[in-house]
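>>> Generate coordinates for the sequence data below:
(2 chains)
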There are 2 protein chains.
Amino acid sequence: MTIAKIDITGIGNAIVDVIAHATDQMLQDLDLAKGAMTLIDAERAAAIYAAMGPAIECSGGSAANTIAGLASLGGRGAFIGKVCRDQLGTVFRHDIRALGATFDTLPAKGSTATARCLIFVTPDAQRTMLTYLGACVELAPDDIDEDLIASSRITYLEGYLWDPPKAKEAFIKAATLAHRAGRKVSLSLSDSFCVDRHRDDFLDLVSRHVDILFANEQEIISLYRADDLDEALQNVRGHCEVVALTRSEKGSIIVAGDDVHVLDAEPVSRVTDTTGAGDAYAAGFLYGLTQGRGPADCGRMGGICAAEVISHFGARPEISLADIVGERMA
Amino acid sequence: MTIAKIDITGIGNAIVDVIAHATDQMLQDLDLAKGAMTLIDAERAAAIYAAMGPAIECSGGSAANTIAGLASLGGRGAFIGKVCRDQLGTVFRHDIRALGATFDTLPAKGSTATARCLIFVTPDAQRTMLTYLGACVELAPDDIDEDLIASSRITYLEGYLWDPPKAKEAFIKAATLAHRAGRKVSLSLSDSFCVDRHRDDFLDLVSRHVDILFANEQEIISLYRADDLDEALQNVRGHCEVVALTRSEKGSIIVAGDDVHVLDAEPVSRVTDTTGAGDAYAAGFLYGLTQGRGPADCGRMGGICAAEVISHFGARPEISLADIVGERMA
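Next up, the predicted model:
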């Protein structure tokens, strides 16, 4: 096994977020599933955008947010995902590279636009997401850079990547390459509806390919059709080396072999927008792992990163995560 | 004179802002004039963007920000400006219409991209702006909707509009139409370098076409090449009905005929990004005028709007200005 040049390579949907304030009434009027990520086509994206308030655009995408967080922590990150050669694709590429991450996936050949996620943030700071996958559906096994995967300590995959049809092959290819190179594979279950759509595939993935699993309570319960969290945990603990369960304001639970660590949430002065909380948690947790930290420290680092990201609009850190983690973990 | 259907029609550069945190060292390394608005070509825009940190995109443009502020106050606004039929043009059109403002200017026919303003916000909350005018240079007299101008209480023009070559004709046409319909014309001097570039034109405009003038201290001093603010004020007071001078943390001075009102700045808990402060001030001030308020009230309303906009990233209000002004003026 050669020395890893990259801490984490993330593979995911390359998405630009379009974020606006919204009321619960607006969600009802538009018939949106509050708190979930719903896939929409181009036509519905246009209709919903027309009904949306004034918005800001910023780079998003679950695994891409995690790589952005890793870079902000001082880690060496890379991203694989598909944009179009359009203005939003340029924005996406700029933002992830500006953080110091490697992003060399070729843009899609067609004219299908770069993916957008319309995000409605309600006064309770909850986010409701509608994703038009656009150019993301072009991601294919050929986009997996074998050398990159082999030289990354961890390959991190978002569950959302199971939605575009060809991406799952890319997904399996990357996991296989990573393990062949003696590296670790990590997966986020992303969303309970996403788990519903792909349960059998995810069960197979978790039991055969995943070393480090991220999920929230609903997602892990949905995965095993369990009655409660305990039952779900009993199911998963034999399959993965490490399972990190995020529980919003209740903190997180880390299951690592026989050890279970129950962690409180990190303090936040004001929760503004929960978009990207799980992605930031994964960034802090995985960065901790690459730094040789134990599971409880990794969980704390994840919680600190999540606390920064939910304190403002947008899914990526506004200030240096390395500084904040350095202060709080001192 | 028919009844006005629109409170204010703004004419300006239709710009999407690209906003990032920056250090003073970065400004020095890139040789940028701190605090100013500098025009750049497409090539330099690409080079500076490549050196810029991760950014957020949001609709901007001086007069457009003022119309956005007016809409947030509950006023009826319209905007005239030129975008391209590209993704950022779609963003610009969406955002201003989402606030309830009318925006029907036809997009530019060519493929020149929608204008962008690269904004570096330093830790002192000062903004340094680099504008690539793109499709804005296509704005021409034919874009001035005569019925719209005739039915607007106030036509508001940004000084920046003097930079694209054909826009000045559009500018004069609009001012002439407004006065012919018995309406008021307002101008913001925008930027002291902009005043330097177009001093003679601006002097002519102010003495012949402008009823309500907005400027900061440097701009008005530059306009009259005066030694100090008093001298500049003596020069301008005979020319315009109302002059509103914004002075950042020192508040503002309103000169209306023989009356001079000196107003303190409105309190702000934390100044985050001063982009759009003057635009928001103009929104509050002009909305006050259309509501029949006196000059001192108008100045306060302007100050309250500016205080909201500088409390966060981005040049447009994040929360309802009508609510804030309602509370503070109660």
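>>> Would you mind naming what in the stretch 101-250 of chain A lies close to chain B?
With Cβ under 8 Å from any Cβ of the partner chain as the criterion, the stretch 101-250 of chain A meets chain B at residues A:A113. Bear in mind the C-beta positions are built from the backbone N, C-alpha and C, glycine included.
>>> Point me to the residue of the stretch 101-250 of chain A nearest chain B.
A:A113 (7.3 Å; Cβ to the nearest Cβ).
>>> so that residue, which of the three states?
Three-state call for A:A113 (DSSP: H, G, I helix; E, B strand; the rest coil): coil.
>>> contacting residues around it?
A:A113 sits next to A:42, A:84, A:86, A:88, A:132, A:134-135, B:87 when contact means Cβ atoms under 8 Å, 6 or more residues apart in numbering or on different chains.
>>> Adding distance to B:A71 and pLDDT as columns, could you present the residues you listed in CSV?
As requested, the contacts of A:A113 are exported to CSV (distance: Cβ to Cβ, whole Å; pLDDT from 0 to 100):
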residue, distance to B:A71, pLDDT
A:A42, 28, 96
A:C84, 32, 97
A:D86, 29, 96
A:L88, 25, 97
A:Y132, 27, 97
A:G134, 30, 97
A:A135, 33, 97
B:Q87, 23, 96
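>>> wait, which of those residues is closest to B:P295?
Nearest to B:P295 out of these is B:Q87 (Cβ to Cβ; 42.1 Å).
>>> Quick check, the closest one in contact with A:C84.
No. In this structure, B:Q87 is not within contact of A:C84 by Cβ atoms under 8 Å, at 9.8 Å.
>>> before we move on, the earlier item: distance to B:G302 added to the contacts of A:A113, as JSON lines?
Shown next, in JSON lines, are the contacts of A:A113 (distance: Cβ to Cβ, whole Å):
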{"residue": "A:A42", "distance to B:G302": "42"}
{"residue": "A:C84", "distance to B:G302": "42"}
{"residue": "A:D86", "distance to B:G302": "38"}
{"residue": "A:L88", "distance to B:G302": "35"}
{"residue": "A:Y132", "distance to B:G302": "39"}
{"residue": "A:G134", "distance to B:G302": "42"}
{"residue": "A:A135", "distance to B:G302": "44"}
{"residue": "B:Q87", "distance to B:G302": "33"}
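>>> Now neighbour count, distance to B:A315 and secondary structure too, for those residues, in CSV please.
As requested, the contacts of A:A113 are arranged in CSV below (neighbours: other Cβ atoms under 10 Å in any protein chain shown; distance: Cβ to Cβ, whole Å; DSSP: H, G, I helix; E, B strand; the rest coil):
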residue, neighbour count, distance to B:A315, secondary structure
A:A42, 13, 30, helix
A:C84, 24, 28, coil
A:D86, 21, 24, coil
A:L88, 27, 20, helix
A:Y132, 24, 27, strand
A:G134, 28, 28, helix
A:A135, 28, 30, helix
B:Q87, 24, 20, helix
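>>> Out of those residues, which comes closest to A:A280?
If you rank the contacts of A:A113 by distance to A:A280 using Cβ to Cβ, A:L88 comes first, at 22.1 Å.
>>> who touches that closest one in this structure?
A:16, A:57, A:113-114, A:116, B:87.
>>> now it: how far from A:S59?
Here the distance between A:L88 and A:S59 works out to 9 Å (Cβ to Cβ, to the nearest Å).
>>> same deal with A:L106?
18 Å.
>>> Of these two, which one has the most company?
Higher neighbour count among A:L106 and A:S59: A:S59, with 28 against 11, using other Cβ atoms under 10 Å in any protein chain shown.
>>> what angle separates the helix or strand A:D95 falls within from helix B:87-98?
Secondary-structure assignment from DSSP states H and E places A:D95 in helix A:87-98. Relative orientation of helix A:87-98 versus helix B:87-98 (axes from the mean of the first three to the mean of the last three Cα atoms, to 10 degrees): 110 degrees.
>>> buried set for helix A:87-98?
Neighbour counts over helix A:87-98 (16 or more other Cβ atoms under 10 Å in any protein chain shown) mark A:87-98 as buried.
>>> Near A:E146, how many other residues are there?
12.
>>> Name the nearest residue to it, sequence neighbours excluded.
With sequence-adjacent residues excluded and distances taken as Cβ to Cβ, 6 or more residues apart in numbering or on different chains, A:E146 is closest to A:L177, at 5.7 Å.
>>> Equivalent analysis for A:N13, please.
Nearest-residue entry for A:N13: A:C136, 4.3 Å, with adjacent residues in sequence omitted and distances by Cβ to Cβ, 6+ apart.
>>> which residues does A:V243 contact?
Each residue near A:V243 by Cβ under 8 Å, 6+ apart is listed here: A:212-213, A:215, A:220, A:233, A:236-237, A:254-256.
>>> in which helix or strand would I find it?
strand A:242-246.
>>> Could you check how far the residue nearest to A:E146 is from B:A20?
Here A:L177 is placed at a distance of 35 Å from B:A20 (Cβ to Cβ).
>>> Quickly find the element holding the residue in the stretch 151-300 of chain A that chain B sits nearest to.
Per Cβ to the nearest Cβ, A:T272 is where the stretch 151-300 of chain A lies closest to chain B, at 10.1 Å. Using DSSP H and E, A:T272 sits within no helix or strand.
>>> Hmm, A:F313 and it touching each other?
Yes. Contact criterion Cβ under 8 Å: A:T272 and A:F313 qualify, at 6.1 Å.
>>> Identify the contacts common to these two.
Common neighbours of A:T272 and A:F313 (Cβ under 8 Å, 6+ apart) are A:V121.
>>> In terms of packing, which of these two has more residues around it?
The neighbour comparison of A:T272 against A:F313 (other Cβ under 10 Å) goes to A:F313, with 22 against 15.
>>> secondary structure element for the more buried one?
For A:F313, there is no helix or strand it lies in under DSSP H and E.
>>> that older thread, in contact with the residue of the stretch 151-300 of chain A closest to chain B, which residues?
Contact analysis of A:T272 by Cβ under 8 Å, 6+ apart lists A:121, A:125, A:310-313.
>>> Swap in 7 Å and give it another go.
By Cβ atoms under 7 Å, 6 or more residues apart in numbering or on different chains, the contact list for A:T272 reads A:125, A:310-313.
>>> do A:A296 as well
With Cβ under 7 Å, 6+ apart as the criterion, the residues that contact A:A296 are A:254, A:261, A:263.
>>> pLDDT (mean, whole number) over stretch A:320-330?
Averaging pLDDT along stretch A:320-330 gives 93.
>>> any idea where the strands of chain A begin and end?
Using DSSP state E, the strands of chain A run over residues A:6-11, A:15-21, A:37-39, A:56-59, A:77-80, A:102-103, A:115-121, A:127-132, A:152-158, A:184-188, A:212-216, A:242-246, A:252-256, A:259-263.
>>> Could you say which one of those strands comes nearest to A:R300?
Ranking these by proximity to A:R300 (Cβ to Cβ) places strand A:259-263 first, at 6.3 Å.
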